[in-house]
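> sequence unavailable; structure follows:
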(Lines give C-alpha, C1' and ligand atoms only; values in the text may rest on other atoms or scores of the structure.)
Protein backbone atom coordinates (compact mmCIF):
# COMPACT_ATOMS: atom_id res chain seq x y z
CA UNK A 1 0.00 0.00 0.00
CA UNK A 2 1.17 3.53 -0.73
CA UNK A 3 1.18 6.35 1.84
CA UNK A 4 -1.01 9.39 1.32
CA UNK A 5 1.91 11.24 -0.22
CA UNK A 6 2.69 8.28 -2.49
CA UNK A 7 -0.93 8.07 -3.55
CA UNK A 8 -1.00 11.74 -4.49
CA UNK A 9 2.23 11.28 -6.42
CA UNK A 10 0.91 8.19 -8.22
CA UNK A 11 -2.23 10.03 -9.20
CA UNK A 12 -0.10 12.66 -10.92
CA UNK A 13 1.64 10.13 -13.20
CA UNK A 14 0.06 10.26 -16.64
CA UNK A 15 2.76 8.97 -19.01
CA UNK A 16 4.82 5.79 -18.60
CA UNK A 17 7.49 4.59 -21.04
CA UNK A 18 8.66 1.01 -20.43
CA UNK A 19 9.87 0.42 -23.99
CA UNK A 20 12.95 -1.68 -24.50
CA UNK A 21 12.55 -3.61 -21.24
CA UNK A 22 12.20 -7.38 -21.09
CA UNK A 23 8.91 -7.40 -19.19
CA UNK A 24 8.54 -11.14 -19.69
CA UNK A 25 11.78 -11.61 -17.81
CA UNK A 26 10.72 -9.29 -14.98
CA UNK A 27 6.90 -8.95 -15.05
CA UNK A 28 6.77 -7.66 -11.44
CA UNK A 29 7.69 -4.24 -12.79
CA UNK A 30 4.12 -3.96 -14.10
CA UNK A 31 2.66 -4.16 -10.59
CA UNK A 32 3.11 -0.42 -10.23
CA UNK A 33 0.52 0.16 -12.97
CA UNK A 34 -2.14 -0.86 -10.48
CA UNK A 35 -1.37 2.33 -8.51
CA UNK A 36 -1.57 4.76 -11.46
CA UNK A 37 -5.29 5.46 -11.93
CA UNK A 38 -4.73 8.56 -14.08
CA UNK A 39 -2.27 7.01 -16.50
CA UNK A 40 -3.00 8.31 -20.00
CA UNK A 41 -0.10 7.04 -22.13
CA UNK A 42 1.65 3.69 -21.77
CA UNK A 43 4.57 2.64 -23.99
CA UNK A 44 5.39 -1.07 -23.90
CA UNK A 45 7.09 -1.26 -27.28
CA UNK A 46 10.00 -3.64 -27.75
CA UNK A 47 9.20 -5.32 -24.42
CA UNK A 48 7.66 -8.73 -25.17
CA UNK A 49 10.06 -11.09 -26.96
CA UNK A 50 11.14 -8.60 -29.60
CA UNK A 51 14.84 -8.98 -28.74
CA UNK A 52 16.64 -11.84 -30.42
CA UNK A 53 18.68 -14.26 -28.34
CA UNK A 54 18.34 -17.34 -26.13
CA UNK A 55 17.42 -15.38 -22.99
CA UNK A 56 14.80 -13.34 -24.82
CA UNK A 57 13.17 -16.41 -26.34
CA UNK A 58 13.22 -18.25 -23.02
CA UNK A 59 11.65 -15.26 -21.23
CA UNK A 60 8.97 -14.94 -23.89
CA UNK A 61 8.06 -18.60 -23.42
CA UNK A 62 7.72 -17.97 -19.69
CA UNK A 63 5.66 -14.89 -20.45
CA UNK A 64 3.30 -16.96 -22.58
CA UNK A 65 2.51 -19.23 -19.64
CA UNK A 66 2.29 -16.56 -16.91
CA UNK A 67 -0.92 -15.64 -15.14
CA UNK A 68 -0.55 -12.49 -13.05
CA UNK A 69 -3.72 -10.72 -11.88
CA UNK A 70 -2.44 -7.48 -10.30
CA UNK A 71 -4.12 -5.05 -12.66
CA UNK A 72 -2.38 -6.65 -15.63
CA UNK A 73 -3.04 -10.21 -16.82
CA UNK A 74 -0.64 -12.35 -18.82
CA UNK A 75 -2.67 -15.42 -19.80
CA UNK A 76 -1.67 -18.41 -21.89
CA UNK A 77 -0.46 -18.20 -25.51
CA UNK A 78 0.03 -14.42 -25.60
CA UNK A 79 0.40 -11.49 -23.21
CA UNK A 80 -3.08 -10.06 -22.67
CA UNK A 81 -3.22 -6.75 -20.87
CA UNK A 82 -6.52 -6.67 -19.00
CA UNK A 83 -7.05 -3.37 -17.20
CA UNK A 84 -9.53 -3.01 -14.37
CA UNK A 85 -11.94 -0.04 -14.77
CA UNK A 86 -11.20 0.92 -11.20
CA UNK A 87 -7.49 1.26 -11.89
CA UNK A 88 -5.29 2.19 -14.81
CA UNK A 89 -7.69 1.40 -17.64
CA UNK A 90 -10.11 4.14 -16.64
CA UNK A 91 -7.99 6.99 -18.00
CA UNK A 92 -5.72 5.27 -20.52
CA UNK A 93 -5.79 7.06 -23.89
CA UNK A 94 -2.64 5.88 -25.65
CA UNK A 95 -1.05 2.41 -25.67
CA UNK A 96 2.06 1.56 -27.65
CA UNK A 97 2.77 -2.13 -28.15
CA UNK A 98 4.93 -1.95 -31.27
CA UNK A 99 7.97 -4.12 -32.03
CA UNK A 100 6.81 -7.16 -30.10
CA UNK A 101 5.68 -10.63 -31.09
CA UNK A 102 1.93 -10.40 -30.60
CA UNK A 103 -0.11 -12.47 -33.05
CA UNK A 104 -3.46 -11.24 -31.71
CA UNK A 105 -4.59 -7.96 -30.18
CA UNK A 106 -2.94 -8.34 -26.72
CA UNK A 107 -5.32 -6.07 -24.87
CA UNK A 108 -8.95 -6.50 -23.95
CA UNK A 109 -10.16 -3.15 -25.26
CA UNK A 110 -13.44 -3.40 -23.36
CA UNK A 111 -11.45 -2.60 -20.19
CA UNK A 112 -10.08 0.65 -21.63
CA UNK A 113 -13.20 2.55 -22.71
CA UNK A 114 -11.35 5.84 -23.33
CA UNK A 115 -8.53 4.41 -25.44
CA UNK A 116 -7.91 6.63 -28.48
CA UNK A 117 -4.65 5.30 -29.87
CA UNK A 118 -3.36 1.72 -30.12
CA UNK A 119 -0.03 1.02 -31.79
CA UNK A 120 0.46 -2.63 -32.81
CA UNK A 121 3.02 -1.98 -35.54
CA UNK A 122 5.79 -4.49 -36.28
CA UNK A 123 4.28 -7.43 -34.48
CA UNK A 124 3.30 -10.89 -35.76
CA UNK A 125 -0.34 -10.09 -36.54
CA UNK A 126 -1.74 -11.82 -39.62
CA UNK A 127 -5.45 -11.14 -39.18
CA UNK A 128 -7.93 -9.74 -36.67
CA UNK A 129 -10.70 -11.97 -35.43
CA UNK A 130 -14.34 -10.97 -35.84
CA UNK A 131 -14.53 -10.29 -32.10
CA UNK A 132 -11.48 -8.02 -32.19
CA UNK A 133 -12.84 -6.13 -35.19
CA UNK A 134 -16.18 -5.58 -33.45
CA UNK A 135 -14.55 -4.38 -30.24
CA UNK A 136 -12.37 -1.93 -32.15
CA UNK A 137 -15.40 -0.68 -34.10
CA UNK A 138 -17.20 -0.10 -30.80
CA UNK A 139 -14.25 1.97 -29.57
CA UNK A 140 -14.30 3.99 -32.79
CA UNK A 141 -17.97 4.91 -32.25
CA UNK A 142 -17.20 6.17 -28.73
CA UNK A 143 -13.78 7.79 -29.26
CA UNK A 144 -11.68 9.20 -32.04
CA UNK A 145 -9.88 5.87 -32.10
CA UNK A 146 -6.83 5.17 -34.28
CA UNK A 147 -4.97 1.91 -34.90
CA UNK A 148 -1.50 1.27 -36.34
CA UNK A 149 -0.93 -2.13 -37.97
CA UNK A 150 2.12 -1.13 -40.01
CA UNK A 151 4.90 -3.72 -40.28
CA UNK A 152 2.66 -6.79 -39.81
CA UNK A 153 2.63 -9.32 -42.64
CA UNK A 154 -1.12 -9.85 -42.98
CA UNK A 155 -2.88 -12.70 -44.74
CA UNK A 156 -5.38 -12.14 -47.52
CA UNK A 157 -6.56 -15.65 -48.24
CA UNK A 158 -10.04 -17.01 -48.71
CA UNK A 159 -10.72 -17.08 -44.97
CA UNK A 160 -9.63 -13.47 -44.34
CA UNK A 161 -11.51 -11.56 -47.05
CA UNK A 162 -13.81 -10.08 -44.38
CA UNK A 163 -10.80 -8.70 -42.54
CA UNK A 164 -9.47 -7.03 -45.72
CA UNK A 165 -12.86 -5.43 -46.30
CA UNK A 166 -12.88 -4.26 -42.68
CA UNK A 167 -9.55 -2.47 -43.17
CA UNK A 168 -11.12 -0.21 -45.78
CA UNK A 169 -14.65 0.15 -44.44
CA UNK A 170 -14.14 0.31 -40.67
CA UNK A 171 -14.75 3.52 -38.74
CA UNK A 172 -11.41 2.94 -37.02
CA UNK A 173 -8.78 5.46 -38.15
CA UNK A 174 -5.98 3.27 -39.41
CA UNK A 175 -2.47 4.65 -39.74
CA UNK A 176 -2.62 3.23 -43.23
CA UNK A 177 -4.93 0.78 -44.92
CA UNK A 178 -2.65 -0.57 -47.61
CA UNK A 179 -0.39 -3.34 -46.30
CA UNK A 180 1.49 -6.22 -47.80
CA UNK A 181 -0.37 -9.50 -47.42
CA UNK A 182 0.16 -13.15 -48.29
CA UNK A 183 -2.36 -15.15 -50.30
CA UNK A 184 -3.13 -18.83 -49.83
CA UNK A 185 -0.75 -19.79 -52.64
CA UNK A 186 2.16 -17.94 -50.97
CA UNK A 187 2.22 -14.99 -53.35
CA UNK A 188 2.57 -11.50 -51.86
CA UNK A 189 0.17 -8.72 -52.89
CA UNK A 190 -1.26 -5.70 -51.08
CA UNK A 191 -4.56 -5.19 -49.32
CA UNK A 192 -5.64 -2.47 -51.76
CA UNK A 193 -5.48 -4.95 -54.65
CA UNK A 194 -7.57 -7.48 -52.72
CA UNK A 195 -10.12 -4.80 -51.79
CA UNK A 196 -10.43 -3.55 -55.38
CA UNK A 197 -10.73 -7.11 -56.73
CA UNK A 198 -12.86 -8.45 -53.93
CA UNK A 199 -15.52 -9.94 -56.23
CA UNK A 200 -12.88 -11.78 -58.26
CA UNK A 201 -11.23 -13.10 -55.12
CA UNK A 202 -14.57 -14.19 -53.68
CA UNK A 203 -15.47 -16.04 -56.86
CA UNK A 204 -12.04 -17.66 -56.93
CA UNK A 205 -12.41 -18.81 -53.33
CA UNK A 206 -16.01 -19.97 -53.52
CA UNK A 207 -16.10 -20.98 -57.18
CA UNK A 208 -14.76 -24.51 -56.66
CA UNK A 209 -17.13 -25.12 -53.75
CA UNK A 210 -20.20 -23.93 -55.66
CA UNK A 211 -19.08 -25.84 -58.76
CA UNK A 212 -19.08 -29.07 -56.75
CA UNK A 213 -22.48 -28.15 -55.26
CA UNK A 214 -23.86 -27.46 -58.75
CA UNK A 215 -22.57 -30.78 -60.08
CA UNK A 216 -24.03 -32.67 -57.12
CA UNK A 217 -27.39 -30.91 -57.50
CA UNK A 218 -27.39 -31.59 -61.25
CA UNK A 219 -26.69 -35.29 -60.65
CA UNK A 220 -29.42 -35.46 -57.99
CA UNK A 221 -31.84 -33.71 -60.37
CA UNK A 222 -31.06 -36.12 -63.22
CA UNK A 223 -31.38 -39.12 -60.91
CA UNK A 224 -34.69 -37.80 -59.61
CA UNK A 225 -35.97 -37.27 -63.15
CA UNK A 226 -34.84 -40.77 -64.11
CA UNK A 227 -36.54 -42.29 -61.07
CA UNK A 228 -39.74 -40.35 -61.72
CA UNK A 229 -39.69 -41.42 -65.36
CA UNK A 230 -39.07 -45.05 -64.40
CA UNK A 231 -41.87 -44.97 -61.82
CA UNK A 232 -44.22 -43.41 -64.36
CA UNK A 233 -43.42 -46.08 -66.96
CA UNK A 234 -43.38 -49.03 -64.53
CA UNK A 235 -45.93 -47.88 -62.00
CA UNK A 236 -48.07 -51.00 -62.11
CA UNK A 237 -45.02 -53.28 -61.97
CA UNK A 238 -43.52 -51.42 -59.00
CA UNK A 239 -46.81 -51.49 -57.09
CA UNK A 240 -47.02 -55.22 -57.77
CA UNK A 241 -43.45 -55.78 -56.50
CA UNK A 242 -44.08 -53.76 -53.32
CA UNK A 243 -47.30 -55.62 -52.60
CA UNK A 244 -45.55 -58.95 -53.07
CA UNK A 245 -42.73 -57.86 -50.73
CA UNK A 246 -45.32 -57.41 -47.97
CA UNK A 247 -46.95 -60.76 -48.69
CA UNK A 248 -49.94 -59.62 -50.73
CA UNK A 249 -50.75 -61.90 -53.68
CA UNK A 250 -51.49 -59.84 -56.74
CA UNK A 251 -51.37 -62.60 -59.37
CA UNK A 252 -52.63 -66.14 -59.64
CA UNK A 253 -50.36 -68.93 -58.54
CA UNK A 254 -47.82 -70.20 -61.07
CA UNK A 255 -48.98 -72.92 -63.46
CA UNK A 256 -47.82 -76.50 -62.89
CA UNK A 257 -47.82 -79.71 -64.94
CA UNK A 258 -51.15 -80.74 -63.41
CA UNK A 259 -52.82 -77.74 -65.07
CA UNK A 260 -52.27 -79.21 -68.58
CA UNK A 261 -53.65 -82.40 -70.24
CA UNK A 262 -50.51 -82.84 -72.37
CA UNK A 263 -46.82 -82.99 -71.48
CA UNK A 264 -45.62 -81.39 -74.70
CA UNK A 265 -46.80 -79.90 -77.97
CA UNK A 266 -44.69 -81.05 -80.91
CA UNK A 267 -44.36 -78.41 -83.64
CA UNK A 268 -43.16 -79.66 -87.03
CA UNK A 269 -43.56 -79.26 -90.78
CA UNK A 270 -46.08 -81.42 -92.68
CA UNK A 271 -43.24 -82.89 -94.74
CA UNK A 272 -41.71 -84.32 -91.53
CA UNK A 273 -44.91 -85.91 -90.13
CA UNK A 274 -43.86 -89.54 -90.71
CA UNK A 275 -40.63 -89.14 -88.74
CA UNK A 276 -42.49 -87.31 -85.96
CA UNK A 277 -45.48 -89.64 -85.72
CA UNK A 278 -43.33 -92.77 -85.70
CA UNK A 279 -39.77 -92.20 -84.44
CA UNK A 280 -40.28 -89.21 -82.14
CA UNK A 281 -43.59 -90.50 -80.79
CA UNK A 282 -42.04 -93.91 -80.07
CA UNK A 283 -39.13 -92.40 -78.11
CA UNK A 284 -41.11 -89.86 -76.09
CA UNK A 285 -44.44 -91.60 -75.57
CA UNK A 286 -43.73 -95.32 -75.68
CA UNK A 287 -40.33 -95.29 -74.02
CA UNK A 288 -40.49 -92.18 -71.79
CA UNK A 289 -44.19 -92.25 -70.93
CA UNK A 290 -44.92 -88.65 -71.99
CA UNK A 291 -48.27 -87.53 -73.46
CA UNK A 292 -47.74 -85.54 -76.66
CA UNK A 293 -49.98 -83.36 -78.81
CA UNK A 294 -49.46 -84.25 -82.48
CA UNK A 295 -51.56 -82.34 -84.99
CA UNK A 296 -51.83 -85.26 -87.45
CA UNK A 297 -53.18 -87.46 -84.70
CA UNK A 298 -54.97 -85.22 -82.21
CA UNK A 299 -56.88 -82.79 -84.47
CA UNK A 300 -60.01 -83.32 -86.53
CA UNK A 301 -59.36 -83.30 -90.29
CA UNK A 302 -60.82 -80.25 -92.03
CA UNK A 303 -60.75 -78.09 -88.89
CA UNK A 304 -59.34 -74.61 -88.56
CA UNK A 305 -55.55 -74.98 -88.62
CA UNK A 306 -54.88 -71.83 -86.57
CA UNK A 307 -57.36 -72.87 -83.88
CA UNK A 308 -55.85 -76.35 -83.74
CA UNK A 309 -52.34 -74.89 -83.28
CA UNK A 310 -53.50 -72.54 -80.50
CA UNK A 311 -55.47 -75.28 -78.73
CA UNK A 312 -52.52 -77.67 -78.93
CA UNK A 313 -50.02 -75.15 -77.52
CA UNK A 314 -52.37 -73.91 -74.80
CA UNK A 315 -53.14 -77.47 -73.64
CA UNK A 316 -49.48 -78.48 -73.33
CA UNK A 317 -47.06 -78.07 -70.41
CA UNK A 318 -44.04 -77.61 -72.70
CA UNK A 319 -43.34 -77.10 -76.40
CA UNK A 320 -40.89 -78.94 -78.66
CA UNK A 321 -40.13 -77.50 -82.10
CA UNK A 322 -38.50 -79.78 -84.65
CA UNK A 323 -36.54 -77.28 -86.78
CA UNK A 324 -35.82 -78.42 -90.35
CA UNK A 325 -35.46 -76.50 -93.61
CA UNK A 326 -39.14 -77.17 -94.55
CA UNK A 327 -40.17 -75.95 -91.06
CA UNK A 328 -38.46 -72.58 -91.64
CA UNK A 329 -40.16 -72.19 -95.03
CA UNK A 330 -43.68 -73.22 -93.94
CA UNK A 331 -46.01 -70.29 -93.22
CA UNK A 332 -47.99 -72.28 -90.65
CA UNK A 333 -44.74 -73.12 -88.89
CA UNK A 334 -44.03 -69.40 -88.66
CA UNK A 335 -47.43 -69.04 -87.04
CA UNK A 336 -46.46 -71.81 -84.59
CA UNK A 337 -43.25 -69.93 -83.72
CA UNK A 338 -45.13 -66.70 -83.06
CA UNK A 339 -47.70 -68.46 -80.88
CA UNK A 340 -44.97 -70.29 -78.94
CA UNK A 341 -43.15 -66.99 -78.29
CA UNK A 342 -46.42 -65.43 -77.14
CA UNK A 343 -47.24 -68.33 -74.81
CA UNK A 344 -43.74 -68.36 -73.28
CA UNK A 345 -44.62 -65.23 -71.25
CA UNK A 346 -46.95 -67.24 -69.01
CA UNK A 347 -44.71 -70.29 -68.73
CA UNK A 348 -41.66 -70.93 -66.51
CA UNK A 349 -38.10 -70.97 -67.88
CA UNK A 350 -37.29 -74.05 -69.96
CA UNK A 351 -40.76 -74.46 -71.38
CA UNK A 352 -39.49 -74.35 -75.01
CA UNK A 353 -37.18 -77.00 -76.46
CA UNK A 354 -35.62 -76.79 -79.94
CA UNK A 355 -34.29 -79.75 -81.91
CA UNK A 356 -32.18 -78.64 -84.88
CA UNK A 357 -31.58 -81.00 -87.77
CA UNK A 358 -28.36 -80.98 -89.75
CA UNK A 359 -29.74 -78.84 -92.57
CA UNK A 360 -30.41 -75.93 -90.18
CA UNK A 361 -27.87 -73.51 -88.73
CA UNK A 362 -28.47 -71.59 -85.55
CA UNK A 363 -28.36 -68.37 -87.51
CA UNK A 364 -31.46 -69.52 -89.41
CA UNK A 365 -33.59 -69.55 -86.24
CA UNK A 366 -35.86 -66.48 -85.90
CA UNK A 367 -34.36 -64.04 -83.34
CA UNK A 368 -37.69 -63.71 -81.54
CA UNK A 369 -37.55 -67.44 -80.80
CA UNK A 370 -33.92 -67.36 -79.66
CA UNK A 371 -34.78 -64.61 -77.18
CA UNK A 372 -37.09 -66.91 -75.21
CA UNK A 373 -35.08 -70.14 -75.36
CA UNK A 374 -32.26 -71.03 -72.98
CA UNK A 375 -29.07 -72.34 -74.58
CA UNK A 376 -29.20 -75.65 -72.71
CA UNK A 377 -32.60 -76.42 -74.28
CA UNK A 378 -31.30 -76.27 -77.86
CA UNK A 379 -30.30 -79.71 -79.21
CA UNK A 380 -28.44 -80.34 -82.49
CA UNK A 381 -29.09 -83.74 -84.09
CA UNK A 382 -25.59 -83.73 -85.60
CA UNK A 383 -24.02 -84.08 -82.14
CA UNK A 384 -25.89 -87.37 -81.58
CA UNK A 385 -25.02 -89.04 -84.88
CA UNK A 386 -25.11 -92.80 -84.36
CA UNK A 387 -26.79 -92.42 -80.95
CA UNK A 388 -30.17 -90.90 -81.71
CA UNK A 389 -31.76 -92.64 -78.74
CA UNK A 390 -29.61 -90.57 -76.32
CA UNK A 391 -30.90 -87.39 -77.97
CA UNK A 392 -34.55 -88.19 -77.17
CA UNK A 393 -33.69 -89.38 -73.69
CA UNK A 394 -32.19 -85.96 -72.92
CA UNK A 395 -35.14 -84.19 -74.55
CA UNK A 396 -37.57 -86.24 -72.43
CA UNK A 397 -35.64 -85.30 -69.28
CA UNK A 398 -36.12 -81.60 -70.16
CA UNK A 399 -39.83 -82.17 -70.63
CA UNK A 400 -40.16 -83.92 -67.29
CA UNK A 401 -38.24 -81.26 -65.32
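Received, thanks. Keep in mind the model is a prediction, meaning the values are calculated, not measured.
> gap between the two ends of stretch 347-361?
Stretch 347-361 has an end-to-end distance of 26 Å (criterion: Cα to Cα, to the nearest Å).
> that stretch - what's its average pLDDT?
Averaged over stretch 347-361, pLDDT sits at 84.
> quick check: chain neighbours aside, which residue is closest to residue 113?
residue 142 (6.7 Å; Cβ to Cβ, 6 or more residues apart in numbering). In this view, the C-beta of every residue, glycine as well, is placed from N, C-alpha and C.
> quick check: the one you found vs residue 119, distance?
19 Å (Cβ to Cβ, to the nearest Å).
> more neighbours, those two?
Using other Cβ atoms under 10 Å as the criterion, residue 142 and residue 119 rank with residue 119 on top: 21 against 11.
> show me what contacts the more buried one?
45, 95-98, 148 (Cβ atoms under 8 Å, 6 or more residues apart in numbering).
> hmm, residue 91 is touching residue 40, no?
Yes - using Cβ atoms under 8 Å, residue 91 makes contact with residue 40 at a distance of 5.7 Å.
> shared neighbours, the two?
Contacts common to residue 91 and residue 40, judged by Cβ under 8 Å, 6+ apart, are residue 14.
> per-residue pLDDT, residue 252?
pLDDT, residue 252: 58.
> element containing the most centrally placed residue in the chain, please.
Central residue of the chain (Cα atoms, centre = their mean): residue 216, 7.5 Å from the mean position. Assigned by DSSP states H and E, residue 216 belongs to helix 198-233.
> quick check: angle from the helix or strand following that helix to helix 198-233?
Using DSSP H and E, the helix or strand that directly follows helix 198-233 along the chain is helix 235-245. When axes from the mean of the first three to the mean of the last three Cα atoms, to 10 degrees is applied, the directions of helix 235-245 and helix 198-233 differ by 80 degrees.
> buried ones in helix 235-245?
Across helix 235-245, burial judged by 16 or more other Cβ atoms under 10 Å covers no residue at all.
> for residue 320, see how far away the residue nearest to residue 168 when sequence neighbours are not counted is.
Nearest non-adjacent residue to residue 168, counting by Cβ to Cβ, 6+ apart: residue 195, 4.9 Å away. For residue 195, the distance to residue 320 equals 87 Å [Cβ to Cβ].
> quick one: contacts of the helix or strand encompassing the residue nearest to residue 168?
Per DSSP H and E, residue 195 falls inside helix 191-196. For helix 191-196, the surrounding residues in contact (Cβ under 8 Å, 6+ apart) are 154, 156, 161, 164-165, 167-168, 177-181, 201.
> what is the rounded mean pLDDT of that helix?
For helix 191-196, the per-residue pLDDT averages 92.
> burial count for residue 182?
Neighbours of residue 182 using other Cβ under 10 Å come to 16.
> got the phi and psi for it?
phi -110, psi 130 (degrees, to the nearest 10).
> quick revisit: does the residue nearest to residue 113 touch residue 112 like I think?
No - because the distance of 10.9 Å does not satisfy Cβ under 8 Å, residue 142 is recorded as not touching residue 112.
> got the buried residues for the helix holding residue 195?
191, 194-195.
> of the residues you listed, closest to residue 377?
Relative to residue 377, the closest of those is residue 194; by Cβ to Cβ it sits at 76.0 Å.
> how long is stretch 378-392 end to end?
Taking Cα to Cα, stretch 378-392 runs 12 Å from one end to the other.
> what comes up buried for it?
Judged by neighbour count (16+ other Cβ under 10 Å), stretch 378-392 contains these buried residues: 378-381, 384, 391-392.
> same check, this time on stretch 130-143
132-133, 135-136, 139-140.
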